[in-house]
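Trainee: quick one, fold the following:
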Amino acid sequence: MSLGPAEVAKIAHLARLAIREEDVPAYAHSLSAILDLVEQMKAVETAGVTPMAHPLDMAQRLRADRVSEADQRERFQAIAPRTEAGLYLVPKVIE
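Mentor: Numbering: from 1, shown residues only. Down below sits the predicted model:
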């Protein structure tokens, strides 16, 4: 599929992009190449292919869910400007 200057201008307008007039032919060529690639991909027979979320059939390694640091809440709240019931109080920024 080949795009002309009018189609490129329309796409730029819809995307709210400002492009210079001298750049239109390069954009038309690049966008046409992308659309040609999409057409090639659409032509591939995928009827018997099982969809997959990841190309590798592997399990994700996860770290153990355990505490790795000491509880220092009291120490940190002791130096905070304002706290209440274990929470930090901050100035209101949204009315």
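
Trainee: please make it C-alpha for all contacts and neighbour counts, starting now.
Mentor: Fine.

Trainee: correct me, but Tyr88 touches Arg82?
Mentor: Yes: with contact defined as Cα atoms under 8 Å, Tyr88 reaches Arg82; the gap is 6.2 Å.

Trainee: residues contacting Ala64?
Mentor: Residues near Ala64 by Cα atoms under 8 Å, 6 or more residues apart in numbering: none.

Trainee: let me know the pLDDT of it.
Mentor: Per-residue confidence (pLDDT) for Ala64: 90.

Trainee: for it, give its distance to Met58.
Mentor: 18 Å (Cα to Cα, to the nearest Å).

Trainee: and Arg82, by the same measure?
Mentor: 48 Å.

Trainee: so for these two, which sits in the more crowded spot?
Mentor: Arg82 (12 against 7; other Cα atoms under 10 Å).

Trainee: using CSV, list the CA coordinates for the longest helix seen in the chain.
Mentor: In the chain, with assignment by DSSP state H, the single longest helix is helix 24-42. Extracted in CSV, the C-alpha atoms of helix 24-42 (Å, rounded to 0.1, in the frame of the first residue of the first chain):
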residue,chain,number,x,y,z
VAL,A,24,6.2,14.5,3.9
PRO,A,25,7.9,12.3,1.2
ALA,A,26,10.1,10.5,3.8
TYR,A,27,7.1,10.0,6.1
ALA,A,28,5.0,8.6,3.2
HIS,A,29,7.8,6.2,2.3
SER,A,30,8.2,5.0,6.0
LEU,A,31,4.5,4.6,6.6
SER,A,32,4.1,2.8,3.3
ALA,A,33,6.9,0.4,4.2
ILE,A,34,5.2,-0.3,7.6
LEU,A,35,1.8,-1.0,5.9
ASP,A,36,3.5,-3.3,3.4
LEU,A,37,5.0,-5.2,6.3
VAL,A,38,1.6,-5.5,8.0
GLU,A,39,0.2,-6.9,4.7
GLN,A,40,3.0,-9.5,4.6
MET,A,41,2.2,-10.5,8.2
LYS,A,42,-1.5,-10.8,7.5
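
Trainee: so what touches that helix?
Mentor: Met1, Ser2, Leu3, Gly4, Pro5, Val8, Ala9.

Trainee: counting only helices, which of those make the cut?
Mentor: Judged by DSSP H, the contacts of helix 24-42 include Pro5, Val8, Ala9 as members of helices.
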